[in-house]
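Novice: no sequence for this one, just the structure:
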């Protein structure tokens, strides 16, 4: 595989893993000294559900780049309005809410598009060989 194809192959995977780790950090707010250890662990696992779902999507996209890329991109775009409204209700700032969407959803949109791009570049390259 050419170097450029390797970069296009690995970039969305690495970015997606980093984005999942970023989202997973939000689960750390489940730890509260006022709660029992079991309540903290239970809350932590509940907060990690989105990370588990995203990891499943990564596995799908890793094997089926086109399907995974489309689902990841659609999911990121589809959740943006809900995320915006939820944040806007809390902070009453359009710009802060848009910043939150950019921080959380944009990496997934980019990786979804990169998975799709990787699929088509590999397909094009295999037809040339």
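Specialist: Yes, it's here. This one's a predicted model, so the numbers in the text were calculated from it and none came from an experiment. Numbering: from 1, shown residues only.
Novice: where's the closest residue to residue 8 other than its chain neighbours, which helix or strand?
Specialist: Spatial nearest neighbour of residue 8, excluding adjacent residues (C-beta to C-beta, 6 or more residues apart in numbering): residue 118 at 4.8 Å. The way it works is simple: take the backbone N, C-alpha and C, and place the C-beta from them, glycine included. Under the criterion of DSSP states H and E, residue 118 resides in helix 94-128.
Novice: For that helix, name the packing helices and strands.
Specialist: helix 3-25, helix 49-63, helix 65-91 (3 or more C-beta pairs under 8 Å, 6 or more residues apart in numbering; DSSP states H and E).
Novice: again, only using 6 Å
Specialist: In terms of contacts (3 or more C-beta pairs under 6 Å, 6 or more residues apart in numbering; DSSP states H and E), helix 94-128 is packed against helix 3-25, helix 65-91.
Novice: what residues are up against residue 68?
Specialist: 60-61, 115 (C-beta atoms under 6 Å, 6 or more residues apart in numbering).
Novice: about what we covered before: list the buried residues of the helix holding residue 118.
Specialist: 97, 100-101, 104-105, 107-116, 118-119, 121 (16 or more other C-beta atoms under 10 Å).
Novice: related to what we said a few turns ago, looking at the helices and strands packed on helix 94-128, which is closest to residue 41?
Specialist: Judged by C-beta to C-beta, the one of the helices and strands packed on helix 94-128 that comes nearest to residue 41 is helix 3-25, at 15.0 Å.
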